[in-house]
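> I need the structure of the sequence given here:
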Amino acid sequence: MLKVLRTKTRKIMMATLILVIPSFVMFYGWSSITNRGNRARNPETYVFAEFLPPDSHRLGVDAWEKWHEVSRGEMYSAQEYLKDALGRLGGSKWVDALFSQFRFEEVFTVGDQVQNALNVYALRAYADRHSIRVPDQEIVASIQNMFPGWSLAQVRSAIHRRGMSEQAFEHLLRSGIRNNYVMRDFMAQAKVSVPELWREYRLREDNLQVGFVSFLLSAYSSRVEVSEAGLKDYYDRNQESFRMGEQRRYGYACLTRESIRRTVKPTEEDIARFYEENKDALYKSGPQARVRQIFVSLGVDRGASQEELVAASDKALQAIQQIKALVENGSSDFAALANEFSQDPENVSLDGKTKHGGEVVQPITAESVSDYGARFVETVLGLQVGEIAGPLPVDGARGRGYSIVRCEEAQTPSPEPLEKVLDRVTSDCLESMLGEAFEDKYEAMRGEVAGFNDIQFLASQLGMSDGETSWVLKSSFQIAPELGTIQDADLDYIQNSLKAGEISDLFLTPEAICAVQVLEEKPSYVQDFEDVRPQVEAIYREEKGREAMKAAAETFMTQATTPAEMKAQATELGLKYKETSHVTRLDLEEKLTTDTFGTLLDLDRNSAFVRPGDTRMNAVSDFATSVTAYVVWHAIDVQEPSREEFLKDLPSFRAGPLAIKQNAMVDEWLLDKRREMKVEMNPEL
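As a prediction, the model looks like this:
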């Protein structure tokens, strides 16, 4: 994981909320505050926690009216931020795969979610206090980046399938971007000293040659002697490890979205009408402009101090204004001035021999906000051909500074002809009609469920398919594949409110209209030894094998302190001794785990400033079965980078350690804010 984090440092956006959050500072008890009793567990209004903001706590306010609630809405926002943070570390596909196997509460505890909700509150309060706002253009650009090439109907459908309204989605997105702005304010204050940078640079650039021997769990667990009495004794001492949770058998009725799709067939008139109603919103080509620019960079990185930033900004602005005077003078061609003064790296060919007259290759569109900044894009898209604007502030992926632009081409928004977008319109029309038919069917059926006490009879009367599940854990996030993904609120209601024999209300999933009935229930119980004997033996072998493996690796490390001794003793034990070439720490983990599967734990810490002749031992973990191997390694040679290389790489290298310190500053600020709050969790949780 350390390797993944280190190699992805540059990719971690500032929106990443801190996942490893210290524990709550708890005050008083839930029931000790007057006028507050337990609330009914309505999924939409259920209160997970309550808190007094920092200002209220300092003022000693302890009235019920002043307490803020962490309810379903705040928890949903917190969950989205946590998912987003995971996605930035592991990628969206990994996150999707993770939550297809586990419920959210199995990955993040309710406490984690509440703490994140408090973080969001603190960031929002700071933004309100400092009048930080998000322009609509930024929202539009973010949506277009999230759903590239999607039609508005497809975006709406995706939002609705997540159980959100368009207003709720926009609020969540705007809140997230605004939080980014707040964190950027704090991050601008971070500083990294040269000694800190040298240490981090060495961790990245040191070249190590090592000899190593791997001790594998599989080899030791297979040698563990097992007796029936020993297994039974282990089972008796660890019975709770073999407890089966509460179980249920469900009956269900469902009407799938696909079955309704077969009844929806848009006609040519439907398609034409849908196009006319939506051509301006869905099928209009956006405004765009092709420009030339003269760009002057601030020349400082994002970690510069406020004083450095102001000085650089004043200097760049003075330079761009002098260039603007030459442009307005008309004595020189704009392209020639761009070739002479522009600091845009894309104005120069890769071989450095040709300049392009300031021509910006990609047209400027609403999606260019992240590259140039909102004001730049808004101004450029309003220019006429030949019109010049500037100085314009540039703040985005394309750099920070000021720019003078001349519009070369301008395209105003206009709807595409129906013939050109017919396939898209047909698909959008079908999805829109299907969504309406699905919702209409659900609304029509909702009132017909009451009074039934048999799920199969209900299904036959309402034209739904039906089925029964085998025994499933009550806590399972999936009841039956046919029902699809059940929303958290509905799942909470089914698991915690629905009793044996009762039929649920109709509920919607992205895939179906559903109802379920609890047919039978089993209480939690400890499984009999004979039923779980294979699992007991496997766990027993693994535990004892891990102890023997660790002891063998520790003995080896103390007895073999040179490459020759390691090789000789490894041969005697039937193990393999290997040596690496000179590699950096980023590649060292891969070399040391060639015989194992998993991540080498604490390698950065254990190898920091290692010297030739040092011997170290690291555990290997796959994070599923804990430690799966130990690697004993010996540093044969260590080559440090030169100070000249360090100084040369310093401007670009500084960004990584600075980002880590910036995130730490945000983490500390959020921790301070939570410590100032008075927080109480609902005792039901």
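> For the rest of this, base every contact and every neighbour count on C-alpha atoms.
Noted.
> Which secondary structure state does Ile486 sit in?
Using DSSP: H, G, I helix; E, B strand; the rest coil as the criterion, the local structure at Ile486 reads coil.
> Now for it: which residues touch it?
477-478, 508-509 (CA atoms under 8 Å, 6 or more residues apart in numbering).
> quick one, phi/psi of it?
Geometry field for Ile486 lists phi and psi as phi -80, psi 130, criterion degrees, to the nearest 10.
> Taking the contacts of Ile486, tell me the two that lie furthest apart.
With CA to CA as the measure, no two of these lie farther apart than Phe477 and Leu508, at 15.2 Å.
> Which of the contacts of Ile486 fall in strands?
Among these, the subset assigned to strands under DSSP state E consists of Leu508.
> Output the contacts of Ile486 in JSON lines; the columns should cover distance to Ile486, pLDDT and neighbour count.
As requested, the contacts of Ile486 are arranged in JSON lines below (distance: CA to CA, whole Å; pLDDT from 0 to 100; neighbours: other CA atoms under 10 Å):
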{"residue": "Phe477", "distance to Ile486": "8", "pLDDT": "79", "neighbour count": "22"}
{"residue": "Gln478", "distance to Ile486": "7", "pLDDT": "85", "neighbour count": "19"}
{"residue": "Leu508", "distance to Ile486": "8", "pLDDT": "88", "neighbour count": "23"}
{"residue": "Thr509", "distance to Ile486": "6", "pLDDT": "88", "neighbour count": "18"}
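> with the contacts of Ile486 in mind, which one is nearest to Ile388?
Looking across the contacts of Ile486 and measuring by CA to CA, the closest to Ile388 is Thr509, at 53.1 Å.
> Next one: the nearest residue to that closest one once chain neighbours are set aside relative to Ala389, how far apart?
By the measure of CA to CA, 6 or more residues apart in numbering, the closest residue to Thr509 outside its immediate chain neighbours is Ile486, 5.5 Å from it. Separation of Ile486 from Ala389 (CA to CA, to the nearest Å) stands at 53 Å.
> Pro287 too?
Distance from Pro287 to Ala389, by CA to CA: 17 Å.
> just checking, Glu502 touches Gln517?
Yes: using CA atoms under 8 Å, Glu502 is in contact with Gln517, at 5.6 Å.
> Look at these two and report which has more neighbours.
Gln517 (24 against 17; other CA atoms under 10 Å).
> For whichever strand or helix holds Glu408, buried residues please.
Here Glu408 sits within strand 399-411, counting by DSSP states H and E. Buried residues in strand 399-411, defined by neighbour count with 16 or more other CA atoms under 10 Å: 399-408, 410.
> Then stretch 369-379?
Quick answer for stretch 369-379 (16+ other CA under 10 Å): 369-374, 376-378.
> For it, the averaged confidence score.
Taken as a whole, stretch 369-379 has an average pLDDT of 84.
> quick one: strands adjacent to the helix or strand following the strand holding Glu408?
Note on strand 399-411: by DSSP H and E, the next helix or strand toward the C-terminus is strand 414-415. If you go by DSSP bridges, strand 414-415 pairs up with strand 284-285 (antiparallel).
> residues touching the nearest residue to Gln517 once chain neighbours are set aside, list them.
Computed as CA to CA, 6+ apart, the closest residue to Gln517 that is not its neighbour in sequence is Ile503, at 4.3 Å. Counting by CA under 8 Å, 6+ apart, Ile503 touches 452-455, 515-518.
> In strands, which of those appear?
Reading strands off those with DSSP E, I get 515-518.
> Just put those in TSV and tack on pLDDT.
As requested, these are exported to TSV (pLDDT from 0 to 100):
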residue	pLDDT
Ala515	95
Val516	96
Gln517	96
Val518	96
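> which regions of the stretch 151-300 of the chain lie under the pLDDT threshold?
Scanning the stretch 151-300 of the chain for pLDDT under 70 picks out 151, 153-154, 157, 160-165.
> all strands for it, in order.
207-216, 243-244, 247-256, 284-285, 288-297 (DSSP state E, counting those that start in this stretch).
> Would you format those strands as CSV with mean neighbour count included?
Output for the strands of the stretch 151-300 of the chain, formatted as CSV (neighbours: other CA atoms under 10 Å):
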stretch, mean neighbour count
strand 207-216, 23
strand 243-244, 14
strand 247-256, 23
strand 284-285, 15
strand 288-297, 24
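> Tell me which of those strands sits nearest to Arg184.
From those, taking CA to CA, the stretch that ends up closest is strand 288-297, at 19.8 Å.
> Could you point out the helix or strand that follows that closest one?
By DSSP H and E, the next helix or strand past strand 288-297 is helix 306-329.
> Just the buried residues of that following helix, please?
309, 312-313, 316-317, 320-321, 323-324, 327.
> Just give me the closest of these to Trp669.
Checking these one by one against Trp669 (CA to CA), the nearest turns out to be Leu309, at 22.9 Å.
> Out of the contacts of Ile486, flag the one nearest to Val210.
Using CA to CA, the contacts of Ile486 come closest to Val210 at Phe477, 46.9 Å.
> The closest residue to that closest one other than its chain neighbours - how many residues pack around it?
Counting by CA to CA, 6+ apart, Phe477 lies nearest to Arg103, which is 5.9 Å off, once chain neighbours are set aside. Burial of Arg103 is recorded as 15 neighbouring residues (other CA under 10 Å).
> measure Arg103 to Asn496 for me?
For Arg103, the distance to Asn496 (CA to CA) stands at 15 Å.
> cool, Ser131 as well?
Ser131 is 42 Å from Asn496, by CA to CA.
> which one of these two has more residues nearby?
Each of Ser131 and Asn496 has its neighbours counted (other CA under 10 Å); Asn496 has more, 12 against 8.
> so what's Gln478 up against?
484-486 are the contacts of Gln478 under CA under 8 Å, 6+ apart.
> What are the boundaries of the strands in the stretch 401-550 of the chain?
Ranges of strands in the stretch 401-550 of the chain, per DSSP E, counting those that start in this stretch, are 414-415, 465-468, 472-473, 507-508, 512-522, 525-526.
> Could you save these as JSON lines and add columns showing distance to Trp198?
What follows is the strands of the stretch 401-550 of the chain, written out as JSON lines (distance: least, CA to CA, whole Å):
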{"stretch": "strand 414-415", "distance to Trp198": "55"}
{"stretch": "strand 465-468", "distance to Trp198": "64"}
{"stretch": "strand 472-473", "distance to Trp198": "53"}
{"stretch": "strand 507-508", "distance to Trp198": "57"}
{"stretch": "strand 512-522", "distance to Trp198": "58"}
{"stretch": "strand 525-526", "distance to Trp198": "56"}
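> Which one, of those, ends up nearest to Phe597?
strand 472-473 (31.1 Å).
> Within its sheet, name the partner strands of the closest one and how each one runs.
Sheet pairing of strand 472-473 (DSSP bridges) gives strand 247-256 (antiparallel).
> Alpha carbons of the strand it pairs with, in PDB - could you do that?
Written as PDB, here are the backbone C-alpha positions of strand 247-256 (Å, rounded to 0.1, in the frame of the first residue of the first chain):
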ATOM      1  CA  GLN A 247     -30.500 -16.100   9.000                       C
ATOM      2  CA  ARG A 248     -33.600 -15.700   7.000                       C
ATOM      3  CA  ARG A 249     -35.500 -17.200   4.100                       C
ATOM      4  CA  TYR A 250     -37.300 -14.800   1.900                       C
ATOM      5  CA  GLY A 251     -40.000 -15.000  -0.600                       C
ATOM      6  CA  TYR A 252     -40.000 -12.200  -3.200                       C
ATOM      7  CA  ALA A 253     -42.100 -10.700  -6.000                       C
ATOM      8  CA  CYS A 254     -40.600  -8.500  -8.700                       C
ATOM      9  CA  LEU A 255     -41.300  -6.800 -12.000                       C
ATOM     10  CA  THR A 256     -38.100  -6.200 -13.800                       C
END
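> Tell me which residues are up against it.
Identification of contacts with strand 247-256 by CA under 8 Å, 6+ apart yields 455-456, 458-459, 463-474, 479, 482-483, 511-524.
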